[in-house]
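Peer 1: Give me a model of this one.
(chains A and B)
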Amino acid sequence: MPAIRIDNLAKTYRGGWWKKSGVAALRGLSLEVREGEVFGFLGPNGAGKTTTIHLLLDLMRPTSGAAYVFDRPAGDATVRRRLGYLPESVNLHDYRSGRGLLEFYAALTGIPSAARAARIDRLLALLKLEEAADRSVTKYSKGMLQRLGFAQALLHEPDLIILDEPTSSLDPVGRKEFRDILLELKRQGKTVFISSHILSEVESVCDRVAILAKGELVRVGTLQELSAPKSTKLVVRGVRDALIDALAATSAELSLARGEATIKCSDEATRTAVERLVAEHQAIIERTEIETQSLEDIFFSAIANKKEP
Amino acid sequence: MKIILLIAADSIRALLHQRLLIGLMIIALALIAIFSAILVGERKMVTQNAAAVSAANAASDESAAGGADAAASANAGNPKAPAKKVTLSKEDRQKMAEAMDQMSSMFQTGFYAVASFGGSLVSLFIFSTAIAAEIRKGTIRITLTKPVSRTQFLLGKYLGGVAVMAGYALIASAAIILFTRFNRLELSPAMEFAPWLMFCRQLMLGALAMLLSLFVHPFVASVLAFLAGNGLYGHHNPLFYLFPSYQPFSSIGQILQGTLMSGHDVLLLTLYAADFIVLMMLLALWRFHTKELV
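Peer 2: Have a look, this model is predicted:
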């Protein structure tokens, strides 16, 4: 059973009554997030990431399509016992203390009163909020609010945690601590759906990623699946003039130094051709270096392809 | 039900932290106090006037009595002469009692009018912002991702407002009872049901304001809710049963005239209010379920 299933989801924001057409934020998105995986949801601003999350949480109604959480429709209140959510900007009731807010949310999620205090204390300690726990949230910094928001998302030990730009207000130390918590959640087998701009963060924890641009899904898969080799470098010994002439006819780039030739092949076909020529001219391939794409490369190439008409 | 009560309790907590609401309540109660003080002064004046009129009457009676009393009249200018005790005639006492009754009715009418208007403002503020402010601030996003249905959220918010308005009606009732007792005034018979009808009217107003706030800005919703049913239709007009009508809930005329509405009428009005509130809540639920909350 997938933790999240999105079927052909579309959302068009209506213009004012005087405008004829609206703005299409999401165009037929289909996606599955498996149970127990950490799933990165990437895309530039305005790609439709937050809209997708709002539709998943039933805070918005789709124009068409449907979203399911643990095979139940997104609007089902019972499924929310298994779901924790951290919004991009954490807005909390300003008439309570940090601890008071967690107590309120604990009561709403049905945590037995006997277990509440211990669980709240544990989370306050985990997110370094013990000292500020009894302070009004109006006196919290942005980073502290983000931590408190994270605490409420984890409070009822949900199976699925949806995080929308979770580290946007955290300092580098906070980000590191956050990453450690994510890894611990991953170890516990929780499903995490994380939308983020910080690619290095996603790269280090996510099992799979999806890249969204202009409301459409551009790429989805594991990092290995997405990171096709960028180029291959062959370091060849015993290169003669005849081989150099033969290589000139290919698209490979050749550079000579200290009796060795470095041949850079930009694709698989060139590499095969070069390897054949090297064998024919009885030269020796000393070593092969494969350059892979980083998540950043994948991200930018996906976005660039989307921008092309 | 537990979730609805939790939301209602949270709503009360939020409302008690609202400076504007507390301010409105304080202003309403302060107006009542000022009004009471003015009437205390008026009451003294009525007593003094009645005594002066009585004294003047007594003096004219004495002068008409002739020579035997002339010597006594001459002594009136003598400071050492014992002050003559003014005793009110039966007729004067009756006149004064009537004036006091009128004063009492006027006082209670004024008190009720201020409490009712103040309560209406408080009610409009509470109910028009109950959900709209949560959507505007974004706090609803976290609450509704807990196992809380939109129905539970809306009913909890309304219930929280009802509790605060009940508190207001109790305070206003206690204030008028204490004041009338303190000033030895007779409580108007209409005051038996007036606070209850005021409470019903404010809940109707609130239900309509809450519904409208899901379509338009809370301020506009409040103005529309206030204007919507202020005495436009009578009992015999079919529109009375379709659109809100707050007029029959006003006890001002009865307090002024010293009449009492029958229990049957009060029951009918209560049922009308309940019917109206249920209808408004159903419409609000429909709107809230289709509304985008971001």
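Peer 1: which bits of the stretch 101-250 of chain B sit near chain A?
Peer 2: With Cβ under 8 Å from any Cβ of the partner chain as the criterion, the stretch 101-250 of chain B meets chain A at residues B:137-139, B:141-149, B:152. For every residue, glycine as well, the C-beta is placed using N, CA and C.
Peer 1: Kindly recompute the last result at 7 Å.
Peer 2: B:Lys137, B:Gly138, B:Thr139, B:Arg141, B:Ile142, B:Leu144, B:Thr145, B:Lys146, B:Pro147, B:Val148, B:Ser149 (Cβ under 7 Å from any Cβ of the partner chain).
Peer 1: Most widely separated two among these?
Peer 2: The largest separation in these, counting by Cβ to Cβ, is between B:Lys137 and B:Pro147 at 21.5 Å.
Peer 1: What distance do you get for the residue sitting nearest the centre point of chain A to A:Ser200?
Peer 2: Centroid check for chain A by Cα atoms, centre = their mean gives A:Gly40 as the closest residue, at 1.9 Å. According to Cβ to Cβ, to the nearest Å, A:Gly40 and A:Ser200 sit 11 Å apart.
Peer 1: And the host helix or strand of B:Gln202, what does it pack against?
Peer 2: For B:Gln202, the element it lies in under DSSP states H and E is helix B:194-213. In terms of contact count using 3 or more Cβ pairs under 7 Å, 6 or more residues apart in numbering or on different chains; DSSP states H and E, helix B:194-213 is assigned the packing partners helix B:90-130, helix B:150-182, helix B:218-228, helix B:263-290.
Peer 1: let's see it at 10 Å
Peer 2: Secondary-structure packing of helix B:194-213 (3 or more Cβ pairs under 10 Å, 6 or more residues apart in numbering or on different chains; DSSP states H and E): helix B:90-130, helix B:132-137, helix B:150-182, helix B:218-228, helix B:252-257, helix B:263-290.
Peer 1: coming back round to it: overlap of the contact sets of A:Gly40 and A:Ser200?
Peer 2: Shared contacts of A:Gly40 and A:Ser200 (Cβ atoms under 10 Å, 6 or more residues apart in numbering or on different chains): A:Leu295.
Peer 1: Going C-terminal from the top helix by length along chain A, what's the next secondary structure element?
Peer 2: Longest helix of chain A, by residue count under DSSP state H: helix A:172-187. Downstream of helix A:172-187, the next assigned helix or strand under DSSP H and E is strand A:191-195.
Peer 1: Is that following strand in proximity to chain B?
Peer 2: No: using Cβ under 10 Å from any Cβ of the partner chain, strand A:191-195 never reaches chain B; the gap is at least 12.8 Å.
Peer 1: Figure out how far the helix or strand that comes right after that strand is from the centre of its chain.
Peer 2: Later in the chain than strand A:191-195, the nearest helix or strand by DSSP H and E is helix A:199-205. Distance, stretch centre to chain centre, for helix A:199-205: 7 Å (Cα atoms, centre = their mean, to the nearest Å).
Peer 1: hang on, the earlier thing: in the sheet, who's paired with the residue nearest to the centre of chain A?
Peer 2: Beta-bridge partners for A:Gly40, by DSSP bridges, are A:Ile194, A:Val209.
Peer 1: who touches it in this structure?
Peer 2: A:192-196, A:199, A:201-203, A:205-211, A:223, A:295.
Peer 1: same deal with A:Val202?
Peer 2: Taking Cβ under 10 Å, 6+ apart, we find A:Val202 in contact with A:38-42, A:182, A:194-196, A:209, A:223, A:295, A:299.
Peer 1: A:Thr288 should be in a strand, yeah?
Peer 2: Yes: applying DSSP: H, G, I helix; E, B strand; the rest coil, one finds A:Thr288 inside a strand.
Peer 1: partner residues bridging the closest residue in space to it that isn't next to it in sequence?
Peer 2: Spatial nearest neighbour of A:Thr288, chain neighbours left out: A:Leu234 (5.7 Å); criterion: Cβ to Cβ, 6 or more residues apart in numbering or on different chains. Beta-bridge pairing for A:Leu234 (DSSP bridges): A:Ile263, A:Thr288.
Peer 1: how about the helices in the stretch 51-200 of chain A?
Peer 2: Counting by DSSP state H, counting those that start in this stretch, the stretch 51-200 of chain A has these helices, from start to end: A:98-108, A:113-126, A:142-154, A:172-187, A:199-205.
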